[in-house]
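**Student:** need a 3D model of the following:
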Amino acid sequence: MTDHTIAHALEGIQTRISAACQRAARPAEAVSLVAVSKFHPQSAVQQALEAGQRIFGENRVQEAAAKFPALREIWPDLRLHLIGTLQSNKATEACALADVIESLDRPSLSTALEKASQKTGRLPELFVQVNIGDEPQKSGIATSEADRFIEDALRRFGQHVKGLMAIPPADEDPRPFFHRLAEMNRRHGLPALSMGMSADFETAIAEGATLVRVGTAIFGDRPAP
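**Tutor:** Here you go, the predicted structure:
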């Protein structure tokens with residue numbers, strides 16, 4: 001996409017977020033947009049920054065490390081979310097680089113992040129990723145283990161645990177899955193909830209999302225990695 005098109009797309013998404021918040025009787029500022037820039041070049045991120053976007057999502061630590069440090073020097077209020085499966089051996093780099101890790105999904109990663117935060121002196125905000133549809137091909141803690149895992153994360157990391165994240169099954173109505181995740185979030189008293197992507201973020205807002213992750217609708221189809 002051109003810079004004009006990215007700016008126009010961002011404006012359109014923000015308008016839809018505001019309208020969805022209004023329908024849900026929520027203030028527009030209750031929902032933040034995470035622009036998912038994975039596989040898109042640094043120049044596309046720069047165009048989004050120039051259009052006023054400040055929160056970005058990346059799947060891979062290595063790709064994020066190549067794109068964001070230089071941009072952060074120019075836009076120090078930029079915030080980087082890691083939203084893909086995080087390998088435990090990348091925990092130290094992730095702690096040094098990211099503002100938010102949205103994919104805490106297993107005990108071994110909790111242990112790796114504890115060690116990494118001690119080493120770096122820095123711990124990003126954390127979201128527990130729940131496999132809300134219990135799909136074997138997807139990352140996330142199983143729903144049967146989620147409550148226990150969230151409690152353990154809160155004991156380990158305290159207020160650094162901000163909320164839950166999930167991706168509902170692609171071929172089903174997402175609303176019941178969003179509703180279930182929101183109920184789980186409330187049960188644990190967590191303030192933030194990351195759910196909803198390009199195709200379903202308005203439904204997610206109706207169910208209580210505070211972060212929506214939108215990529216294709218902003219940047220266009222992803223180039224081949």
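**Student:** right, and the helix or strand after the top helix by length along the chain?
**Tutor:** As assigned by DSSP state H, the longest helix anywhere in the chain is helix 3-23. Sequence-wise, the next helix or strand downstream of helix 3-23 (DSSP states H and E) is strand 32-36.
**Student:** what packs against that following strand?
**Tutor:** Packing contacts for strand 32-36, counted by 3 or more CB pairs under 8 Å, 6 or more residues apart in numbering; DSSP states H and E, involve helix 3-23, strand 55-58, strand 211-214, helix 216-219. C-beta: built from backbone N, CA, C; applies to glycine.
**Student:** name the residues that touch the first one?
**Tutor:** Residues external to helix 3-23 that are found in contact with it (CB atoms under 8 Å, 6 or more residues apart in numbering): 1, 27-28, 30-31, 33, 35, 44, 47-48, 50-53, 201-202, 205-206, 212, 214, 217-220.
**Student:** sorry, back to before: now the helices and strands packed on strand 32-36 in JSON lines, with mean pLDDT, mean neighbour count and distance to L71?
**Tutor:** Converted to JSON lines, these look like this (pLDDT from 0 to 100; neighbours: other CB atoms under 10 Å; distance: least, CB to CB, whole Å):
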{"stretch": "helix 3-23", "mean pLDDT": "94", "mean neighbour count": "16", "distance to L71": "14"}
{"stretch": "strand 55-58", "mean pLDDT": "98", "mean neighbour count": "24", "distance to L71": "9"}
{"stretch": "strand 211-214", "mean pLDDT": "98", "mean neighbour count": "24", "distance to L71": "19"}
{"stretch": "helix 216-219", "mean pLDDT": "95", "mean neighbour count": "20", "distance to L71": "15"}
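**Student:** could I get these as JSON lines with distance to S108?
**Tutor:** Converted to JSON lines, the helices and strands packed on strand 32-36 look like this (distance: least, CB to CB, whole Å):
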{"stretch": "helix 3-23", "distance to S108": "35"}
{"stretch": "strand 55-58", "distance to S108": "22"}
{"stretch": "strand 211-214", "distance to S108": "24"}
{"stretch": "helix 216-219", "distance to S108": "31"}
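**Student:** which of those sits closest to F127?
**Tutor:** strand 211-214 (8.3 Å; CB to CB).
**Student:** and the contacts of the closest one?
**Tutor:** Outside strand 211-214, the residues within contact range by CB under 8 Å, 6+ apart are 13, 17, 31-36, 57, 81, 83, 163, 192-198, 201, 204-205.
**Student:** how many neighbours does the nearest residue to D99 once chain neighbours are set aside have?
**Tutor:** Distances taken as CB to CB, 6 or more residues apart in numbering put R79 closest to D99, at 4.5 Å, once the chain neighbours are dropped. R79 is flanked by 18 other residues according to other CB atoms under 10 Å.
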